[in-house]
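# the following comprises the amino acid sequence and a computationally predicted model.
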Amino acid sequence: EKLSISAPTNAYDFGQIINAVNASKDKRACADLLAMTEPSKLPVLLSNKLEGDTFLIFIQSLGCYVLGKNPELVYQHLFYLSKAERFKVVLALLSKKEKEQLQQLFDLLSKNQNHQYTLEDLESLKKVYEL
């Protein structure tokens, strides 16, 4: 059963939707959520709630459902995700397989590169993600 997603208005709503998305492992619903969420609001919406499973479903959803349609949005979300409060902690706890998924997303981003972000932008963001 597909989750019905509406745009979150605050960190609490966002957290509730993320919990539902994680519980159902619904990557399409997560992609819908990210598509309707202004990337620059991500750090505030995540507050101090960024966890490994949330990080991973973001990466998978962006790669599966958003990248083909809007690489710029993927870049923006990755950029602002790196500004989230627990980003460094989550990054440090990623498994080798999870880091590989992240690397694949960056590789696809560089192949789908558009005029909105440069390869230099992407390279400096990869450094933030320790890739």
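Received, thanks. Numbers count the residues shown, from 1 in each chain.
# contacts only, for the residue nearest to Asp53 when sequence neighbours are not counted.
Leaving aside its chain neighbours, Asp53 sits nearest to Asn22 (5.3 Å; criterion: Cβ to Cβ, 6 or more residues apart in numbering). (Glycine included, C-beta is placed from N, CA and C.) Counting by Cβ atoms under 8 Å, 6 or more residues apart in numbering, Asn22 makes contact with Asp53, Thr54, Ile57.
# give the rounded mean pLDDT of the helix or strand harbouring the last one.
Taking DSSP states H and E as the definition, one finds Ile57 inside helix 52-61. Mean per-residue pLDDT for helix 52-61: 96.
# and that helix, what's buried?
Neighbour-count burial for helix 52-61 flags Thr54, Phe55, Leu56, Ile57, Phe58, Ile59, Gln60, Ser61 (criterion: 16 or more other Cβ atoms under 10 Å).
# my read: the fourth one touches Ala31, true?
It stands for Ile57. No - judged on Cβ atoms under 8 Å, Ile57 makes no contact with Ala31 at a distance of 9.5 Å.
# now list whatever residues contact both of the two.
In contact with both Ile57 and Ala31: no residue, using Cβ under 8 Å, 6+ apart.
# and of the buried residues of helix 52-61, the nearest to Val90?
Phe55 (4.8 Å; Cβ to Cβ).
# list the contacts for the residue nearest to Cys30 when sequence neighbours are not counted?
Excluding the flanking residues, the one nearest Cys30 by Cβ to Cβ, 6+ apart is Ser61, at 3.9 Å. Residues in contact with Ser61, defined by Cβ under 8 Å, 6+ apart, are Lys27, Arg28, Cys30, Ala31, Leu34.
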